[in-house]
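Trainee: model this:
(one chain, ligands or ions: 2)
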Amino acid sequence: MNAKTYVDNFMNELVTKNPGEPEFHQAVREVVESVADYIVESPQLMKLKVMERIVEPERVIMFRVPWVNDAGEVVINKGYRVQMNSAIGPYKGGVRFHASVNLSILKFLAFEQTFKNSLTTLPMGGGKGGSNFDPKGKSDMEVMRFCQSFITELYRHIGPDTDVPAGDIGVGGREVAYMFGQYKRLSNEFTGTFTGKGISFGGSLMRPEATGYGACYFGEAMLATRGDSYKGKKVCISGSGNVAQFAAKKATELGATVMTMSDSNGYIYDPDGISPEKLQYIFQLKNVLRGRIKEYAVKYPTAKYVADARPWGEKCDIAMPCATQNELNGAEADMLLKNGCKCVVEGANMPTTPDAIAKFQAAKILYSPGKASNAGGVATSGLEMSQNSMRLGWSAEEVDQRLRGIMSNIHSACVKYGTEPDGYINYVKGANISGFMKVADAMLAQGIV
Ligand code: NDP
Ligand code: 2IT
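Mentor: Ligands and ions are numbered 1, 2, ... in the order given. Next up is the predicted model:
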């Protein structure tokens, strides 16, 4: 069978078996297209149906999350945990609280996580969970009651050697702490079952920074393949949450100027660049005041706020989508290319649509998929798990050194498996093949499970 026929047959079957899950189909298609050549050449992978097994979650847990809001009303949310793959380690991956959360989104995220975690070289399987709960506008006590109800069901399905959740959209230090507290109470054990914990109760230094910093380290490695760096570059960032904030901080430290940040209502563009002092204001605005990005333009009137728009029409050398899936489409890719963008580094998961990826690759600019460039977050979660198991904590310098080493290794793996005959590095192919090989090898060895 040739690779194209394999992909067509595989995707037809996947869509038939998993109707109404467009994000999951999108994520699977990208990986299957990358590894099809490799699979059709391997009688073992074909016969033992490794890819067919990888796309079927080992387990999906779906549950009711009832809680009581400050007005005394009963509210019911949906809770999920997708335990995708445990071939190379316990299920590992974040929890997302956002109104848009559904099974398709969590299956796509858990699927991506499986290959991302494999790329880190650490022993972590793939998982993801979440709820359609929207933390925006909720009081701390409402968030706490919600987290406690969520964990009252989920606690029986997780554990330090079973499944280790962490943060994602809408889940940061506050939410992880509430979930950890309830988990500890119900299980009567103090273990490293969550990562992204507070430093006073087993969290790792550098975990908050890790995803954004790691993305910039990866971007530096990409640019270095062309004798270039962040120095003197204009960077457009989307999002203003955890990943965007620390991507902006590190990009600035590396000598770049950050021009934009955004949230789901619009973006700000600062013609003078977002200086370290202004970025400090954004940290305060988003993490303490829990405000909206438009307030930046009120505080700094030389900046503009554009409502209901994304930042990709602004001129930049480097684009870093750090908000959510499918937030950079083909028309926006055209605008970035027209304005001279030379490098796209994904901080979010699957932020670039397939047609936009094709445009970047056709133009031969540097483009890295999230599963490679945002892997620093989960890699540092892996380091948190190691520290918890040893009951020791490493210094920030030590964790940062390890993070740099891991990002550099992921970059080398992409170069090894993704370099095309003309020398262009196809990071999508490189990341997918490298991530897949380790998981497939472990599954082949473990029999039909
Ligand atoms: P946060 O909740 O801290 O921030 C999310 C940001 O993206 C906010 O600015 C939010 O705006 C914006 N956003 C969320 N949903 C949408 C949407 N539907 N449309 C437009 N903007 C949106 O999350 P993180 O920074 O942790 O996560 C950002 C991305 O990075 C996600 O794709 C996540 O999966 C990925 N990621 C996160 C890691 C981590 O360690 N946290 C690790 C690897 C990847 P608003 O305030 O309006 O909601
Ligand atoms: O998408 C991701 O890699 C994350 N949200 C981080 C997961 C983790 O377990 O740290």
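
Trainee: for whatever residue of the stretch 151-300 of the chain ends up closest to ligand 1, grab the count of nearby residues.
Mentor: In the stretch 151-300 of the chain, the residue that lies nearest ligand 1 is Gly241 (1.8 Å; C-beta to the nearest ligand atom). For every residue, glycine as well, the C-beta is placed using N, CA and C. If you count neighbours by other C-beta atoms under 10 Å, Gly241 ends up with 22.

Trainee: what is the mean pLDDT for stretch 247-255?
Mentor: Stretch 247-255 comes out with an average pLDDT of 98.

Trainee: give me the buried positions along it.
Mentor: Across stretch 247-255, burial judged by 16 or more other C-beta atoms under 10 Å covers Ala247, Ala248, Lys249, Lys250, Ala251, Thr252, Leu254.

Trainee: from the rest of the structure, what touches it?
Mentor: By C-beta atoms under 8 Å, 6 or more residues apart in numbering, the residues outside stretch 247-255 that reach it are 209, 211-213, 215-217, 219-220, 229-233, 235, 237, 258, 261, 274-276, 279, 282, 318, 320, 322, 347.

Trainee: can I take it that Val82 is in a strand?
Mentor: Yes. Val82 sits within a strand when classified using DSSP: H, G, I helix; E, B strand; the rest coil.

Trainee: so it bridges to which residues?
Mentor: Val60, Lys128 (DSSP bridges).

Trainee: from what I see, it and Leu106 are in contact.
Mentor: Yes. Shown here, Val82 and Leu106 form a contact pair, counting by C-beta atoms under 8 Å, at 4.8 Å.

Trainee: which residues are common contacts for those two?
Mentor: Common neighbours of Val82 and Leu106 (criterion: C-beta under 8 Å, 6+ apart): Lys128, Gly129.

Trainee: residue in the stretch 151-300 of the chain nearest to ligand 2?
Mentor: For the stretch 151-300 of the chain, C-beta to the nearest ligand atom, closest residue to ligand 2: Ala166, 3.4 Å.

Trainee: beta partners of that residue?
Mentor: Applying DSSP bridges, one finds that Ala166 bridges with Gly94.

Trainee: list the buried ones in the helix or strand where Tyr417 lies?
Mentor: Applying DSSP states H and E as the criterion places Tyr417 in helix 396-418. Neighbour counts over helix 396-418 (16+ other C-beta under 10 Å) mark 399-400, 402-404, 406-407, 410-411, 413-415, 417-418 as buried.

Trainee: what parts of this structure come near ligand 1?
Mentor: Counting by C-beta under 6 Å from any ligand atom, the residues of the chain close to ligand 1 are 98, 100, 167-170, 172, 211, 239-244, 263-265, 322-324, 327, 347-349, 374, 377.

Trainee: circling back: I'd assumed Thr193 was in contact with the residue of the stretch 151-300 of the chain closest to ligand 2.
Mentor: No. Checked against C-beta under 8 Å, the pair Ala166 and Thr193 is beyond contact range at 10.2 Å.

Trainee: burial of the residue in the stretch 301-449 of the chain positioned nearest to ligand 2, as a residue count?
Mentor: At 3.3 Å from ligand 2, Ser381 is the closest residue in the stretch 301-449 of the chain, using C-beta to the nearest ligand atom. Ser381 is flanked by 29 other residues according to other C-beta under 10 Å.

Trainee: how about it: what's its closest non-neighbour residue?
Mentor: Nearest non-adjacent residue to Ser381, counting by C-beta to C-beta, 6 or more residues apart in numbering: Thr195, 3.7 Å away.

Trainee: assign a three-state SS to the one you found, would you?
Mentor: When the rule is three-state DSSP, Thr195 gets the label coil.

Trainee: before we move on, what about the one 10 residues further on?
Mentor: Secondary structure state of Leu205, per three-state DSSP, is coil.

Trainee: please consider this matter closed, and thank you.
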